[in-house]
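Novice: give me a 3D structure for the following:
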Amino acid sequence: MIMAIFRGDLKYSDITAKADFLNRRQLIAGAAGVGIAGSLGGAATAKALKYKKTSYSVDVETTAKRDITSYNNYYEFGTRKDDPAKNAHRLTTDPWSVEIGGLVDKPGKYDLDDLLSGIALEERIYRFRCVEAWSMVVPWIGFSLSEIIAKAGAQSGAKYVAFETLSRPSEMPGIGSNPSFPWPYVEGLRMDEAMHPLTMIATGLYGESLPKQNGAPLRLVVPWKYGFKSIKSIVKITLTDKQPPTTWNKLAAREYGFYSNVNPEVDHPRWSQARERVIGGGVFGKRDTPMFNGYGDQVAGLYAGMDLRKNY
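Specialist: Predicted coordinates for the structure are as follows:
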């Protein structure tokens with residue numbers, strides 16, 4: 001089993017360069033007892049976060065922060081992998097609100113601070129697998145999506161959860177350069193997938209607030225699915241009794257199914273999914289892709305009896 005290896009003694013020096021770790025420790029020490037410890041230097045706006053360690057981990061090396069934050073798909077900021085890092089500084093993330101509606105007891109537009117009130121942050125080190133056959137290992141900071149659903153009060157008829165990304169052309173140059181794309185970006189999960197404890201909302205990574213190019217201020221993370229399911233910069237969550245549309249499925253249903261579970265036995269029509277390229281390379285290079293991205297012990301039961309070739 002790849003996931004849920006207990007690493008209660010995990011330290012920042014285990015998952016980042018020692019010099020970076022020491023610098024961050026000094027900064028945080030200077031702001032002891034403060035939930036958000038302050039700016040981390042230069043033009044960066046990242047804040048150190050208070051969070052607890054968990055048993056969610058993997059037995060492979062964590063991807064370097066510089067790679068996680070510079071190699072991204074976020075088409076609202078451009079289609080090149082380095083475009084989000086170059087352009088996402090334009091995004092205004094404060095104030096931020098999330099509209100929650102549909103089959104819920106408490107619909108409304110929730111201010112981000114109110115939405116996150118009372119929710120404890122935790123670190124989860126997850127494998128991340130892109131449909132383009134590359135992978136990372138990311139130390140996310142966040143919490144289970146089920147906590148937000150519980151706040152809103154899911155009604156019994158809710159079978160799916162739909163998500164929508166911010167669409168703000170004035171701050172997102174990729175929207176203007178690709179007007180034919182069906183903005184805003186939308187995604188969805190089945191209700192049992194959304195409520196699974198592995199499914200999380202990330203508000204940070206590497207102990208700091210989430211960089212804008214990675215989906216600030218909050219994004220979905222579903223580690224057993226291809227990365228495009230993990231929708232960024234969420235502004236709307238809707239509980240519904242009907243399967244919601246998803247962006248890539250609308251664009252190319254034959255290539256991008258609703259479920260999009262990582263499956264090395266089902267190739268993309270234009271490339272194999274059997275192996276993956278590890279971003280950062282190092283001694284790993286390429287490796288075999290595990291079913292459900294290595295989380296089969298936890299999630300395979302969700303799809304019992306389903307034909308995973310048909311329901312891809």
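Novice: low pLDDT regions in this structure?
Specialist: Residues of the chain meeting the criterion pLDDT under 70: 1-45, 282-284.
Novice: mind checking the longest strand of it?
Specialist: Counting residues, the longest strand found in the chain (DSSP state E) is strand 134-144.
Novice: packing partners of it?
Specialist: Packing contacts for strand 134-144, counted by 3 or more Cβ pairs under 8 Å, 6 or more residues apart in numbering; DSSP states H and E, involve helix 65-68, strand 122-129, strand 200-205, strand 275-278. Heads up, the C-betas are built off the backbone N, CA and C, glycines and all.
Novice: next structured bit after that strand?
Specialist: helix 146-152 (DSSP states H and E).
Novice: any chance of JSON lines for the helices and strands packed on strand 134-144, columns distance to residue 83?
Specialist: Output for the helices and strands packed on strand 134-144, formatted as JSON lines (distance: least, Cβ to Cβ, whole Å):
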{"stretch": "helix 65-68", "distance to residue 83": "15"}
{"stretch": "strand 122-129", "distance to residue 83": "19"}
{"stretch": "strand 200-205", "distance to residue 83": "19"}
{"stretch": "strand 275-278", "distance to residue 83": "20"}
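Novice: which of the ones you listed sits most buried?
Specialist: strand 200-205 (a mean of 24; mean count of other Cβ atoms under 10 Å).
Novice: residue ranges of the helices in the chain, please?
Specialist: 12-15, 18-29, 65-68, 83-87, 112-116, 146-152, 173-177, 191-195, 247-251, 296-299 (DSSP state H).
Novice: can you tell which of these is closest to residue 105?
Specialist: helix 146-152 (7.0 Å; Cβ to Cβ).
Novice: for that closest one, which positions count as buried?
Specialist: For helix 146-152, the neighbour count (16 or more other Cβ atoms under 10 Å) marks 146, 147, 148, 149, 151, 152 as buried.
Novice: and the residue nearest in space to the middle of the chain, what does it touch?
Specialist: The chain has residue 221 as the residue nearest its centroid, 3.1 Å off, counting by Cα atoms, centre = their mean. For residue 221, the contact set (Cβ atoms under 8 Å, 6 or more residues apart in numbering) comprises 124, 126, 128, 140, 142, 199, 200, 201, 202, 230.
Novice: repeat that for residue 236.
Specialist: 98, 99, 100, 101, 162, 163, 164.
Novice: bridge partners for the residue nearest to the centre of the chain, pull those for me.
Specialist: Judged by DSSP bridges, the bridge partners of residue 221 are residue 200.
Novice: same question, residue 142
Specialist: residue 122, residue 202.
Novice: now it: how far from residue 221?
Specialist: 7 Å (Cβ to Cβ, to the nearest Å).
Novice: which neighbours do these two share?
Specialist: 124, 200, 201, 202.
Novice: distance of residue 114 relative to residue 227?
Specialist: Taking Cβ to Cβ, one finds residue 114 at 29 Å from residue 227.
Novice: between these two, which one's more packed in?
Specialist: Neighbours per residue (other Cβ atoms under 10 Å) separate residue 114 from residue 227, with residue 227 holding more: 21 against 13.
Novice: looks like that one contacts residue 133 (just checking).
Specialist: No: the pair residue 227 and residue 133 fails to qualify as a contact (Cβ atoms under 8 Å) at a distance of 11.0 Å.
Novice: just send the contacts of residue 221 back as CSV, with distance to residue 247 too.
Specialist: As requested, the contacts of residue 221 are arranged in CSV below (distance: Cβ to Cβ, whole Å):
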residue, distance to residue 247
124, 25
126, 22
128, 19
140, 22
142, 22
199, 19
200, 21
201, 19
202, 19
230, 13
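Novice: quick check: the farthest pair among those residues?
Specialist: 128 and 201 (15.1 Å).
Novice: what sits against the nearest residue to residue 249 once chain neighbours are set aside?
Specialist: Spatially, and ignoring its direct neighbours in sequence, residue 249 is nearest to residue 256 (5.2 Å; Cβ to Cβ, 6 or more residues apart in numbering). Listed by Cβ under 8 Å, 6+ apart, the contact set of residue 256 reads 131, 228, 246, 248, 249.
Novice: tell me how far residue 256 lies from residue 94.
Specialist: 33 Å.
Novice: swap in residue 270?
Specialist: With Cβ to Cβ as the criterion, residue 270 and residue 94 are 40 Å apart.
Novice: and those two? which has more neighbours close in?
Specialist: residue 94 (9 against 6).
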